[in-house]
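**Q** just need the structure, nothing else, for what follows:
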Amino acid sequence: MALLKLPPAVRNILPTGPLVARLNFKSVLSVSGSQAPDFLHGILSSAVPTSNRPFFSAALNAQGRVLYDLLVFSDHSTNGRPAYLLEYDSHSSDAPSLHELLQRYVLRAKVKIRDVSQEYDSWASWGSEKDVEWDTERDWLFAESGAIEPVWPPTTSEDWPWGSQKHIIRDRRAVGMGHRLLVRKGDPPPQTSDHDIVPQDAYNLHRILHGVPEGHIDIVPSVAFPMDSNLDVMGAVDFRKGCYIGQELTVRTYHKGVVRKRTVPVLIQSSSRHKSTETEDIQEKFGTNIDIKPANIIEGSGPRPRGTGKLLSNSHGIGLALLRTEHVDGVASGDLKLDFTSESGATWSVTPWWPEWWPKRLL
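**A** Numbers count the residues shown, from 1 in each chain. Below you'll find the predicted structure:
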């Protein structure tokens, strides 16, 4: 499905042109030392570049479920040793704190870990015409299981996809995401000189429309699997690297399992207007982790659909949802409908779509 019309409330808070937003509820850890690359390589789900470069990754538990999704920035080192800044969601959850988790594995490694959240603000910028110079379509590797990997240049390549600047990441999780920035606390980023400053709500809508899950609501700690949360597609999982925490189940799924769920953007409409071409402003605020139930369009026309989905981040009538891919395909073919019931007792219809950048073989 191509989303042709957005609700007016969404259009009103999605200004065009270069934009920049400060992001709340972000924490930052500094990991530095001569053995920092090897230390992170043995813990995180993606390969750590041989040179001090930024990347996107995740920390998993031993059962292969996601604890944190991480943007890893390269940092300045006063003694010439590698240094990284790990940005992650600071909301409390059932997961152990990232600081405690990393500290547990230091042992005798020559690594120093510090919480530097009070030293940095997190920002996102997007919409610049200059981004098209590097933000190109991806090549993909498709596994029989349904896992999907972007094809990046070697980690030794000068054209590193996530960029090479300190405290700046080219956000390659999806085409069109722009940059993520770490800036000294209280200082504006340089982009504010030629970008309009917008609230975080605009950034949240931006990533939802691009199908990018982020943080504890979309990637539920100790519950979510990497592929369900699109971490493979977004470049956070290396299926060929050596051992890391959670590798066994992740690699087994890649080679012998089946990826049955994906996180996709959805349009939310009242059930009475589901087939209308007119969009509506949604005033009701929905919670998260709400069950989305499938049903056949024509009752009795086929077997009852299996399983349910979950509504994740949402605002102004659009959101992200964790859905079985067969349900997404069923809605697209006109065989299924998806609904959820809000706390008010009203029934709402959910229409998913694959983002334009999504690997085409899945379509």
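**Q** mind listing the strands for the stretch 1-150 of the chain?
**A** Secondary structure of the stretch 1-150 of the chain by DSSP state E, counting those that start in this stretch: the strands cover 19-23, 26-32, 55-60, 66-74, 83-89, 112-115, 120-126, 140-142, 148-150.
**Q** okay if I get these as a markdown table plus mean pLDDT, mean neighbour count and distance to residue 292?
**A** In this view, the C-beta of every residue, glycine as well, is placed from N, C-alpha and C. Output for the strands of the stretch 1-150 of the chain, formatted as a markdown table (pLDDT from 0 to 100; neighbours: other CB atoms under 10 Å; distance: least, CB to CB, whole Å):
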| stretch | mean pLDDT | mean neighbour count | distance to residue 292 |
| --- | --- | --- | --- |
| strand 19-23 | 97 | 21 | 27 |
| strand 26-32 | 97 | 21 | 28 |
| strand 55-60 | 97 | 25 | 24 |
| strand 66-74 | 97 | 25 | 20 |
| strand 83-89 | 97 | 23 | 23 |
| strand 112-115 | 96 | 14 | 37 |
| strand 120-126 | 97 | 23 | 28 |
| strand 140-142 | 95 | 13 | 26 |
| strand 148-150 | 95 | 19 | 23 |
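**Q** ok, which of those strands comes nearest residue 211?
**A** Residue 211 lies closest to strand 148-150 among the strands of the stretch 1-150 of the chain, at 12.8 Å (CB to CB).
**Q** ok, then the element right after that closest one?
**A** Following strand 148-150 in sequence order, the next helix or strand is strand 168-170 (DSSP states H and E).
**Q** what's that following strand in contact with?
**A** 54, 56, 71, 73, 134-135, 161-163, 179-182 (CB atoms under 8 Å, 6 or more residues apart in numbering).
**Q** select only the buried ones of those residues in PyMOL?
**A** Command for PyMOL that selects the buried part of these, burial taken from 16 or more other CB atoms under 10 Å:
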select buried, resi 54+56+71+73+135+161+162+163+179+180+181+182
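**Q** would you list the contacts of strand 168-170 in JSON lines and tack on distance to residue 213?
**A** Formatted as JSON lines, these follow (distance: CB to CB, whole Å):
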{"residue": "54", "distance to residue 213": "20"}
{"residue": "56", "distance to residue 213": "12"}
{"residue": "71", "distance to residue 213": "14"}
{"residue": "73", "distance to residue 213": "20"}
{"residue": "134", "distance to residue 213": "23"}
{"residue": "135", "distance to residue 213": "19"}
{"residue": "161", "distance to residue 213": "20"}
{"residue": "162", "distance to residue 213": "18"}
{"residue": "163", "distance to residue 213": "22"}
{"residue": "179", "distance to residue 213": "19"}
{"residue": "180", "distance to residue 213": "15"}
{"residue": "181", "distance to residue 213": "20"}
{"residue": "182", "distance to residue 213": "21"}
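**Q** for the contacts of strand 168-170, which one is nearest residue 254?
**A** In terms of CB to CB, no member of those lies closer to residue 254 than residue 56, at 17.9 Å.
**Q** how near is the residue minimising distance to the centre of the chain to residue 104?
**A** Of all residues in the chain, the one closest to the mean position by CA atoms, centre = their mean is residue 213, 3.3 Å from it. Distance, residue 213 to residue 104, using CB to CB, to the nearest Å: 26 Å.
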